[in-house]
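Engineer: following is a predicted model, sequence given first.
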Amino acid sequence: MSGNTLKLSVLVIILMILPVISYSQRDRRQIMFNQARRMEARRDFDSAIDIYQDLIKEYPQDNAIAEAYFNVLMNLNRHEEAEEFLDTHQQAFKIEDWIQFKITLYGQKGEFRQAERIGLDFIKENPGMVNLYKDFALAYERINQYDTAIEILQMARTQTGDENLFASELGRMYQANNQFSPALDEYIKHLSRNTGFLYMVADRINSMIDQEESLVSEVIGELEDKEEPVLLELLAMTLVHSELYDDAYTVYQQLGLDKLVEFADELTAAGHVGLAVRAYEEYYNEIDNPVRKAEVKVKVASIHITSGDYEQAEETLLMLTEKESIQRRDYRYRSHVNRIVREMLADLSIRNDQPKDTVLGWLDDAKNFAFNRNEQREIDLKKVRYLIMSEDYDQAEGTIETTVAAESSGSRVYNISYYYRYLHNLMVNQTSSDSLMAELIIRIPDTELTNEALFLAVMMGQINPQNGDIFLEAYRLKNLYKANQAVSKILRNTSEAIDSLYTDRDLGYDNSIIAEPDIAERIKDGRIEFRDEELVLTAAIWSYHSGKTEIAQTLLSYPYQNSSLAGYAALKLSDIQKNRDQPYRQAVTSFLQDNPQNVFAPQLRLMLTE
């Protein structure tokens with residue numbers, strides 16, 4: 001082999017080996033780096049540090065390794081080692097990163113003057129590097145040096161001549177520094193140029209208002225003359241948060257009908273029904289679509305029902321049944337409004353204690369406006385529930401069988417029917433059917449119907465057997481909107497003392513006696529005793545849901561002997577008192593001192609932190 005040929009062969013071999021060696025080195029670095037990360041995740045920091053130190057010896061210029069090692073030292077508060085490392089390995093970092101790490105280090109050591117000087121000196125020496133201003137500001141923000149962070153961002157504005165630059169960041173920093181007025185200005189600037197951040201900006205402004213109520217006046221002054229829709233909506237959202245609903249209504253009137261009806265929905269949810277009805281009526285008068293007009297009237301009728309104005313609700317709904325426009329073929333199947341109106345009228349008939357035929361008649365009429373057979377079957381099952389609660393068990397059973405006769409065994413309606421079979425069996429036989437319950441849990445788990453069946457089964461298993469019929473009768477009354485009768489049925493049958501009071505005063509179903517100071521005190525201290533505490537707690541919850549809050553609070557304050565019932569009663573009572581701005585902390589603290597291991601103790605402790 002000639003000399004030239006030999007040299008060429010050696011060269012080829014070297015060229016082949018070099019990539020392998022290079023790859024092997026890179027592979028070793030990555031393996032060791034991953035090992036260090038895993039040690040950190042396991043909180044084995046000593047092992048992680050050993051690996052990093054080995055890596056640094058082999059790769060002293062590697063930025064990723066250097067940063068990871070520095071961060072471990074900082075997380076362990078080994079500040080002296082971290083500082084020494086930065087000073088001796090500056091070549092491993094970009095200069096701007098090295099300075100930011102120095103800022104972090106000084107900040108954690110409490111050496112804020114040094115932190116401020118090193119960053120500002122660098123920026124003043126490099127005024128053209130505007131893209132770094134934000135990074136440096138964030139470094140100061142992380143060590144809570146908001147004044148310096150703000151100064152740097154303002155310097156960036158001076159350099160660029162852009163008075164809107166970094167508005168979101170400045171708003172956040174001013175807010176963190178409790179400088180709410182300039183924070184407000186910056187958030188408004190940010191939103192003007194970035195309309196998609198409406199909800200974020202609104203949340204931050206409302207958070208500041210929660211800390212300083214007077215800020216709402218500044219918001220109004222800044223925004224009330226603006227023409228940009230997003231700023232007007234911000235104003236409206238702020239007014240709603242501050243419960244200035246009339247002012248918010250005026251703003252929403254400028255934002256268009258869609259925003260107005262959304263506001264009406266918010267008012268309804270917040271319980272400001274008078275203003276909600278005004279907003280709905282204005283929306284109704286401004287639109288032409290018959291279906292949308294009907295849907296708004298349904299919302300108004302729902303408000304009347306919730307407010308107990310059944311006469312006005314019925315008048316509104318009956319008017320809709322006469323609207324031929326929404327029953328025309330081109331509108332009839334665009335919305336469920338025709339069906340909903342008739343189901344609401346059936347519900348109103350129950351509330352008004354109308355004859356059975358009236359209730360069933362409205363439900364049968366609702367079936368005429370169902371979109372398909374499944375919806376018709378669902379309405380039939382609503383009839384079943386009403387018939388069971390009305391103790392018409394034979395007709396209820398017949399309706400169940402007729403409803404599912406043509407259904408496949410796995411259909412939704414067939415599966416749901418097991419709840420009504422269970423309910424029917426329970427009311428007729430006054431015992432919980434394990435087989436029907438098992439079918440329910442298998443067929444429709446995690447549904448409201450199954451949960452209701454489980455509640456009934458648990459109650460029937462816990463209370464005294466002789467009171468089973470009392471509970472079921474009260475349950476039926478409650479489902480027929482006769483909550484007062486249901487509660488009095490329970491209370492009179494679980495306490496001789498209460499029954500005597502009702503009899504002596506000829507109270508009927510008037511339960512207000514429970515909230516009378518003398519009677520309430522006797523209940524709260526246990527001088528009036530009840531049997532079946534589960535029933536008393538149920539009566540308390542039903543009273544609360546029917547708006548009888550004082551009665552509910554009295555019954556929740558009863559000294560329950562069962563620890564689980566006592567814990568739940570304490571939790572519910574505290575929640576009611578908190579929502580009514582009544583003192584509750586002392587009672588919660590006292591309960592927790594006496595019952596530290598109660599099953600509801602964690603939730604009660606959480607209430608004390610809010």
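Structural biologist: On my side now, so go ahead. Numbering: from 1, shown residues only.
Engineer: which helix or strand in this protein has the lowest average pLDDT?
Structural biologist: Within the chain, no helix or strand scores below helix 3-41, which has a mean of 64 by mean pLDDT, DSSP states H and E.
Engineer: which strand or helix spans the residue most central in space within the chain?
Structural biologist: Ranked by distance to the mean C-alpha position of the chain (Cα atoms, centre = their mean), the top residue is residue 269 at 13.9 Å. According to DSSP states H and E, residue 269 maps onto helix 257-270.
Engineer: pLDDT of that helix, averaged?
Structural biologist: For helix 257-270, mean pLDDT rounds to 94.
Engineer: what is the helix or strand containing residue 522 packed up against?
Structural biologist: According to DSSP H and E, residue 522 maps onto helix 517-524. Packed against helix 517-524 by the contact rule (3 or more Cβ pairs under 8 Å, 6 or more residues apart in numbering; DSSP states H and E) you find helix 549-556. C-beta here means a position set from N, CA and C on the backbone, and glycine is covered the same way.
Engineer: quick one: contacts of the helix it packs on?
Structural biologist: 487, 511-512, 514-515, 519-520, 523-524, 536-537, 539-541, 543-544, 569-570, 572-573, 576-577, 580 (Cβ atoms under 8 Å, 6 or more residues apart in numbering).
Engineer: swap in stretch 584-602?
Structural biologist: Taking Cβ under 8 Å, 6+ apart as the rule, stretch 584-602 contacts 563-564, 566-568, 570-571, 573-574, 577-578, 604-605, 607-608.
Engineer: show me just the buried residues among those.
Structural biologist: 566-568, 570-571, 573-574, 577, 604, 607 (16 or more other Cβ atoms under 10 Å).
Engineer: make a markdown table out of those and add secondary structure, pLDDT and distance to residue 240.
Structural biologist: As requested, these are arranged in a markdown table below (DSSP: H, G, I helix; E, B strand; the rest coil; pLDDT from 0 to 100; distance: Cβ to Cβ, whole Å):
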| residue | secondary structure | pLDDT | distance to residue 240 |
| --- | --- | --- | --- |
| 566 | helix | 95 | 39 |
| 567 | helix | 95 | 36 |
| 568 | helix | 96 | 33 |
| 570 | helix | 95 | 33 |
| 571 | helix | 95 | 30 |
| 573 | helix | 95 | 30 |
| 574 | helix | 94 | 27 |
| 577 | helix | 92 | 26 |
| 604 | helix | 91 | 31 |
| 607 | helix | 89 | 26 |
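Engineer: and of those residues, the nearest to residue 389?
Structural biologist: Comparing those against residue 389 with Cβ to Cβ places residue 568 closest, at 26.0 Å.
Engineer: how far off centre is the helix holding residue 269?
Structural biologist: With Cα atoms, centre = their mean, to the nearest Å as the basis, helix 257-270 stands 19 Å off its chain's centre.
Engineer: against which helices or strands is that helix packed?
Structural biologist: Packing partners of helix 257-270 (3+ Cβ pairs under 8 Å, 6+ apart): helix 229-241, helix 245-252, helix 273-286, helix 290-306.
Engineer: closest to residue 163 out of these?
Structural biologist: Distance to residue 163, taken as Cβ to Cβ, is lowest for helix 229-241 among the helices and strands packed on helix 257-270, at 17.0 Å.
Engineer: for the closest one, packing partners?
Structural biologist: Counting contacts by 3+ Cβ pairs under 8 Å, 6+ apart, helix 229-241 packs against helix 180-193, helix 198-211, helix 215-223, helix 245-252, helix 257-270.
Engineer: any chance of those in CSV, plus distance to residue 499?
Structural biologist: Formatted as CSV, the helices and strands packed on helix 229-241 follow (distance: least, Cβ to Cβ, whole Å):
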stretch, distance to residue 499
helix 180-193, 60
helix 198-211, 49
helix 215-223, 54
helix 245-252, 46
helix 257-270, 40
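Engineer: which one of those helices lies nearest to residue 548?
Structural biologist: helix 257-270 (21.6 Å).
Engineer: what angle separates the closest one from helix 229-241?
Structural biologist: 10 degrees (axes from the mean of the first three to the mean of the last three Cα atoms, to 10 degrees).
Engineer: quick check: buried residues in helix 257-270?
Structural biologist: Going by 16+ other Cβ under 10 Å, helix 257-270 has these buried residues: 259-261, 263-264, 266-268.
Engineer: and the two most separated of the residues you listed?
Structural biologist: 259 and 268, at 15.1 Å, using Cβ to Cβ across these.
Engineer: before we move on, the earlier item: just the buried residues of the contacts of helix 549-556.
Structural biologist: Using 16+ other Cβ under 10 Å, the buried members of those are 487, 511, 514-515, 519-520, 523-524, 536-537, 539-541, 543-544, 569-570, 572-573, 576-577.
Engineer: about what we covered before: distance-wise, check the residue nearest to the centre of the chain relative to residue 306.
Structural biologist: Applying Cβ to Cβ, to the nearest Å, the value for residue 269 to residue 306 is 11 Å.
Engineer: before I go, just wanted to say thanks for your time.
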